[in-house]
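> dropping a prediction and its sequence here:
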Amino acid sequence: MPSAAASAILQGMPDAADLRVLRSDGQTWIFAGTTALFRFADGDTAMRNIAVAALRQIGFPGTQVAAALGLTHNYVATLHQRAQREGTAGLVRPRGRPRTVTGQDWERARAWRAAGVRDAEIARRLGVQQSTVLRRLGPAQVQGELALEDTAGPGLAAGREDPAGQEPPGPEPEAVPGHDGQEAEPPEPAVRPEPGVVPPGFGGTGRAAEGGGVFSRYAGAMLLHAYPGRAGEILPQAAGGDAREAALLSAASVCFALGAATAEQVKHLVPGEAGPLAGLAVLPSLRTLRARLAAIADAADPLELQAAFAAAMLAASPETSGVYYVDDHFVPYTGAKPVGKGWNNKRGRAERGRADTHVTTHDGRAVCFVTGEPSGLSVTLPKALAELKKTVPAGTEIMLGFDRGGAYPAVFAHCRGNGVHWVTYRRAPLAAPAMLPVLSVVTVNGKARAVAWAEETVQLKDYGEARQITLFEHGRVVLQILTSDFDACPAALLGWLKSRWREENFLKYASENYGIDAICDYAADIETNTKITDNPARKEANAAVREAEKNLAAAERGLAVLLADPAITPADKNTRLIPAAERQIAAARRQLGAASKARDGIPAKLPANQIDPQAQVALLRTARRGLQMVLRLLAHNAEHWLSGQLNAYLRDDDEYRAITRETIIRGTAGIITSTPDTITVTLQRPAEPRVARALALLIDQVNAVPPRMPGDTRPITYQLTANPAI
């Protein structure tokens, strides 16, 4: 019997027992009593499947539907589950056996390769795996990534149809007995999504044209190539000049941009729709991807890779202000190895982990980073400065901005020794300003703002003269900054340091959206721990000194109480009590002297292995983390650049980053069409008119200088569909 909902919808209809099928003049009619429910051509398998799924969803039993249409109960159940899982697309997709590749097809394939068509495209046209093309035609000079055997079966390439254009006739799946003796529904074959299928409502229906596009729900991420295209050949250099490995690195970077915070999460993306974003027929499986990334990282020099990344970032968008921000970022470690501890600001306690020190430009783009054992910013800042100076052209003026964690004379002196200006907050307590405040009016984002500040020169211990600027708000001192630059405008200095929140935002959003907190590899080298640490013996000696001081103080207080006690006669005090108290005080002083002498002979800090001969430390390897960090930061910078260009047309300072990331990069589908000469990306027009208008203008800007994929010479052009999908 139909469900209560179905009965309410189909008021007056007969019982399910009256469900019947009539075939006449090439048409199939499905009736419930005297009411016609469906009508379709006899050979229209897609409409038959839709009718089956609709009858099941409104409550007709599967056995009744199967008996009326001449199908097995298991096949009806399969269609019902597929409709619930995939919608209409799962019912109308072409199915059938892969076509046979003839000798004439291989001759055409050789001609395609001679014309410059890549093996990935040849494999897609023939409906075979790329490895099959390589085996049959032999190696070529430059090819795309091989689709390995464990990623997809043969004959499932995008855009290939069964010659008949529909399911071949044949017996339905046989019934499989279940645990309760009834017929169980057979499992659906594990077939990867076919990227050649264009969903209804996307400017058309069915498959893309032969030799044409590949549908991808992630097509908006193709716009990310607009920034790396202006950032030089970073990934081919990291891959040692191998175009296939460069495409693999590009795919991993795009996956990070799509929200895969770790390599493990890449498996949740559709391989056939994520691979074409980097020129691959299909994204390799997780098992293959991990091994290939590890091999590339182990073969590369992490320092050279980071230097190349930094140089490319500054070459793509030069930092004209010369202002860079530096800050530490703690990355917790949850493994079992004896990794050193550092301070986790997010949880307010010491934890095992490692520390990354990031350098960003004034507008928030990542430039370079260093990674290592946890330590303070005063220790890691000189290392980050050394990496930055390798990148910028010789003679470039640099202004480093950092927070109170690096506000130490040693850091100031190091910057001065390297010819670099610095600006930072003054550590508490704030000094009383000696000069009267000056009221100025500055313009920020087109708005006039009154600023009260006082400027003076101060002497810093172990450093010398520095410039101090005190900011007033509502008649009170709110902050003081110190800087080595005596010539810059005070308002500019205040603006530069107050803009350091861009570094904080970078660390926050890169952690949330690009996984810079992830431990990329748990491999570590176990070594003897020689780190200088507090000596427990010194702590015990300090405790003994404090105890001796307490005893001496107690003895002296006892003598004072004795002298002031009126109940004791003077004779008794002089002859018996005072001498005893003085002897006790003398003994306490000797004890304090001995404890102090013993403490002075004990060093306050020692190498950990001298304190504990069994002390060990795990040094996490940096090569693999360095490569993945470059891929993550490249994705972040590409989104940063893209959002800035989009906001020039969108004018939404509150939401432009989220719109770029969620609506365009991660939420816009499209068709990627590859030819031997060009790559064309047709993007689904966003439903919101203002976003669609801004995206259209951005596409016109990008198309003026078409970008290219890493390792590929074909230009990429973009276009929007006429109307948004329904």
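The structure has been received and is ready for your questions. Note that the structure is a prediction, hence the values are computed from the model and not measured.
> relative to residue 75, how far out is the residue most central in space within the chain?
Geometric centre of the chain, nearest residue: residue 514, 1.1 Å, by C-alpha atoms, centre = their mean. Separation of residue 514 from residue 75 (C-beta to C-beta, to the nearest Å) stands at 45 Å. Where you see a C-beta, it was placed from the backbone N, CA and C, and this is true even at glycine.
> again with residue 435
Distance, residue 435 to residue 75, using C-beta to C-beta: 88 Å.
> cool, residue 428 as well?
Distance of residue 428 to residue 75, computed by C-beta to C-beta: 75 Å.
> which of those two has more residues huddled nearby?
residue 75 (21 against 7; other C-beta atoms under 10 Å).
> buried residues in the strand or helix carrying that one?
Secondary structure from DSSP states H and E places residue 75 in helix 73-86. The neighbour-count check on helix 73-86 (16 or more other C-beta atoms under 10 Å) flags 73-83 as buried.
> what of stretch 315-328?
Buried residues in stretch 315-328 (16+ other C-beta under 10 Å): 316-317, 319, 322-328.
> residue ranges with poor pLDDT in the stretch 401-550 of the chain?
Applying pLDDT under 70 to the stretch 401-550 of the chain flags residues 444-445.
> what about the strands in it?
421-425, 438-444, 447-460, 464-473, 476-483, 524-528, 532-534 (DSSP state E, counting those that start in this stretch).
> so which of those strands is the most packed in?
strand 421-425 (a mean of 22; mean count of other C-beta atoms under 10 Å).
> that one pairs with which strands?
strand 399-402 (parallel), strand 476-483 (antiparallel) (DSSP bridges).
> can you list contacts of the last one?
With C-beta atoms under 8 Å, 6 or more residues apart in numbering as the contact definition, strand 476-483 has outside contacts at 407, 412, 421-426, 430-431, 433, 458, 460, 466-472, 493-494, 497.
> what of stretch 327-341?
The contact list for stretch 327-341, computed with C-beta under 8 Å, 6+ apart, reads 342-346, 350-358, 373-374, 376-377, 380, 402-403, 405, 500, 503-504, 507, 511, 516-517, 519, 522, 524, 526, 529, 531, 616-618, 620.
> can you show me the CA trace of that stretch as PDB?
Output in PDB follows, covering the C-alpha atoms of stretch 327-341 (Å, rounded to 0.1, in the frame of the first residue of the first chain):
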ATOM      1  CA  ASP A 327      55.500  36.500  14.000                       C
ATOM      2  CA  ASP A 328      55.800  33.000  15.600                       C
ATOM      3  CA  HIS A 329      53.200  30.300  15.100                       C
ATOM      4  CA  PHE A 330      53.200  27.300  17.400                       C
ATOM      5  CA  VAL A 331      52.200  24.000  15.800                       C
ATOM      6  CA  PRO A 332      51.200  21.300  18.300                       C
ATOM      7  CA  TYR A 333      52.500  17.700  18.000                       C
ATOM      8  CA  THR A 334      50.400  14.800  19.000                       C
ATOM      9  CA  GLY A 335      52.700  11.900  18.200                       C
ATOM     10  CA  ALA A 336      54.600   9.600  20.600                       C
ATOM     11  CA  LYS A 337      58.200  10.900  19.900                       C
ATOM     12  CA  PRO A 338      60.000  13.000  22.400                       C
ATOM     13  CA  VAL A 339      59.500  16.400  20.600                       C
ATOM     14  CA  GLY A 340      60.500  19.500  22.500                       C
ATOM     15  CA  LYS A 341      58.000  21.700  24.200                       C
END
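> are we agreed that residue 617 is in a strand?
Yes. Under DSSP: H, G, I helix; E, B strand; the rest coil, residue 617 falls within a strand.
> any idea of the pLDDT on it?
We note a pLDDT of 80 for residue 617 in this prediction.
> again with residue 166
We have a pLDDT of 37 for residue 166.
> going forward, the N-terminal residue is numbered 11.
New numbering, starting at 11: the last item is residue 176.
> how about stretch 577-593: buried residues?
Of the residues in stretch 577-593, those buried under the neighbour-count criterion (16+ other C-beta under 10 Å) are 587-588, 591.
> residue 272 - nearest residue in space that isn't next to it in sequence?
Distance criterion C-beta to C-beta, 6 or more residues apart in numbering; nearest residue to residue 272, sequence neighbours excluded, is residue 528 at 4.9 Å.
> distance check, the one you found against residue 639.
From residue 528 across to residue 639, the span is 10 Å (C-beta to C-beta).
> ok, now residue 600?
To residue 639, residue 600 is 60 Å away according to C-beta to C-beta.
> these two: which is more packed in?
Using other C-beta under 10 Å as the criterion, residue 600 and residue 639 rank with residue 639 on top: 26 against 12.
> continuing past the one helix or strand the more buried one maps to, what's the next helix or strand?
Assigned by DSSP H and E, residue 639 belongs to helix 633-660. Once the chain leaves helix 633-660, the next helix or strand it forms, by DSSP H and E, is helix 666-668.
> buried set for that next one?
Using 16+ other C-beta under 10 Å as the test for burial, helix 666-668 gives 666-667.
> remind me which residues of the stretch 61-210 of the chain are low pLDDT?
103-109, 150-210.
> show me where it has its strands.
Secondary structure of the stretch 61-210 of the chain (DSSP E, counting those that start in this stretch): strands located at 186-187, 193-194, 207-208.
> how about a markdown table for the strands paired with strand 431-435, with distance to residue 63 added?
Output for those, formatted as a markdown table (distance: least, C-beta to C-beta, whole Å):
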| stretch | distance to residue 63 |
| --- | --- |
| strand 409-412 | 61 |
| strand 486-493 | 65 |
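> identify whichever of those strands lies nearest to residue 617.
Nearest to residue 617, of all those, is strand 409-412, at 29.6 Å by C-beta to C-beta.
> keeping just the C-alphas, turn the closest one into PDB.
Provided in PDB are the C-alpha atoms of strand 409-412 (Å, rounded to 0.1, in the frame of the first residue of the first chain):
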ATOM      1  CA  MET A 409      61.100  47.800   7.900                       C
ATOM      2  CA  LEU A 410      60.400  44.900  10.200                       C
ATOM      3  CA  GLY A 411      57.200  45.000  12.400                       C
ATOM      4  CA  PHE A 412      56.800  42.600  15.300                       C
END
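> which residues sit against it?
The contact list for strand 409-412 (C-beta under 8 Å, 6+ apart) reads 331-337, 387, 391, 395, 421, 425, 430-434, 495, 498, 506-507, 509-510, 513.
> look at residue 216 and report its pLDDT.
Turning to residue 216, the model gives it a pLDDT of 34.
> again, but for residue 667
Looking at residue 667, the pLDDT reads 92.
> gap between it and residue 680?
Residue 667 is 21 Å from residue 680, by C-beta to C-beta.
> low-confidence ranges, the stretch 261-410 of the chain, go.
The model of the stretch 261-410 of the chain has no residue with pLDDT under 70.
> all strands for it, in order.
Ranges of strands in the stretch 261-410 of the chain, per DSSP E, counting those that start in this stretch, are 333-342, 351-354, 359-371, 376-382, 409-412.
> could I get these as TSV with distance to residue 223?
What follows is the strands of the stretch 261-410 of the chain, written out as TSV (distance: least, C-beta to C-beta, whole Å):
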stretch	distance to residue 223
strand 333-342	41
strand 351-354	48
strand 359-371	37
strand 376-382	33
strand 409-412	47
